[in-house]
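Engineer: Kindly generate the corresponding structure for this input.
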Amino acid sequence: MKVLKLLILGGSGEAADLVRALAGDARYDVTLSLAGRTSEPVALPGKLLTGGFGGAEGLARVLAEERFDLLIDATHPFAVQMKANAAEAGKIAGTKFLAIRRPAWVPREGDRWIMVESLEAAAAAIGQDPARVFLTTGRMELAPFREAPQHLYIVRSVEAPAAEELPPRAELITARGPFNIADERALLETHRIEVIVTKNSGGAGASAKLDAARALSLPVIMVKRPDLPEAPSVTTVADALLWLERHHVSTSSARRGV
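Structural biologist: Residues are numbered from 1 along each chain as shown. Model (predicted):
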């Protein structure tokens, strides 16, 4: 039986789900790569690489030297540079490549979304008058909100940012999703939130805050998805598994001369 070496670029729920789905499948030798932004990532089966590769050429070198057969980009929807590097590295190394691209959230009846192009625009869209803001943009991207210090921010992040990275008036909640609508509504009500700021990451794990905002008729400042490089892609882990199955079948058939 041909064993295919697979490198998964992680940082999303889909990456974790894919690794779990492949655990124990002897047809694949799976390595998960994480950027290392989280000091205590969720424990997953299989091999783990942490840290960067040194751009597209560095990743291509790893693909070639370690003789990976397949590369799947399952990075966060806003990891634009890593997605571009992955697509380019697959071409350089001649490694079969697939991206998992989670669908973006779309507004529903009753939503009060304010669409913006950037975090800087999101900070500006809160307005000049002091407001109570639920901020869920991630601990690495708080700088624009330090420039709007009049607001009180309830910052939720998987890990705590350094104190100097927080806006002057901030309360921190460390938590890892998925979240449910009852808890999200309770959080919004308890903290008397007036506006939510988030990025359009998509997916079910963090969508409950949008349901709660809709129920409470709260405005949501939504940072749009960035433009991503063209690449062969699927939207679900199930489709990625089918892609892997097809490649294993075709590789096995080629080895048998079918």
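Engineer: count of neighbours near E57?
Structural biologist: 13 (other Cβ atoms under 10 Å). (Each C-beta comes from the backbone N, C-alpha and C, glycine too.)
Engineer: looking at it, it is touching I92, isn't it?
Structural biologist: Yes: using Cβ atoms under 8 Å, E57 is in contact with I92, at 6.8 Å.
Engineer: Centre of the chain to the helix or strand containing H247, how far?
Structural biologist: Assigned by DSSP states H and E, H247 falls within helix 237-256. Remark: helix 237-256 is offset 26 Å from the chain centroid, using Cα atoms, centre = their mean, to the nearest Å.
Engineer: in that helix, what counts as buried?
Structural biologist: For helix 237-256, the neighbour count (16 or more other Cβ atoms under 10 Å) marks 237, 240-241, 243-244, 247-248, 251 as buried.
Engineer: Looking at these, which has the smallest pLDDT value?
Structural biologist: Among those, T251 carries the lowest pLDDT, at 69.
Engineer: okay, stretch 3-20 in CSV with CA atoms only?
Structural biologist: What follows is stretch 3-20 as a C-alpha-only set of coordinates in CSV (Å, rounded to 0.1, in the frame of the first residue of the first chain):
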residue,chain,number,x,y,z
VAL,A,3,1.6,5.8,2.0
LEU,A,4,1.1,9.4,0.9
LYS,A,5,2.9,12.1,2.9
LEU,A,6,0.6,15.0,3.6
LEU,A,7,1.4,18.4,5.0
ILE,A,8,-1.5,20.4,6.5
LEU,A,9,-1.0,24.1,7.1
GLY,A,10,-3.2,24.7,10.1
GLY,A,11,-4.6,27.5,12.2
SER,A,12,-8.3,26.8,11.7
GLY,A,13,-11.0,24.5,13.0
GLU,A,14,-11.0,22.7,9.6
ALA,A,15,-7.3,21.8,10.0
ALA,A,16,-8.0,20.3,13.4
ASP,A,17,-11.0,18.4,12.1
LEU,A,18,-9.0,17.1,9.1
VAL,A,19,-6.2,15.8,11.3
ARG,A,20,-8.7,14.0,13.6
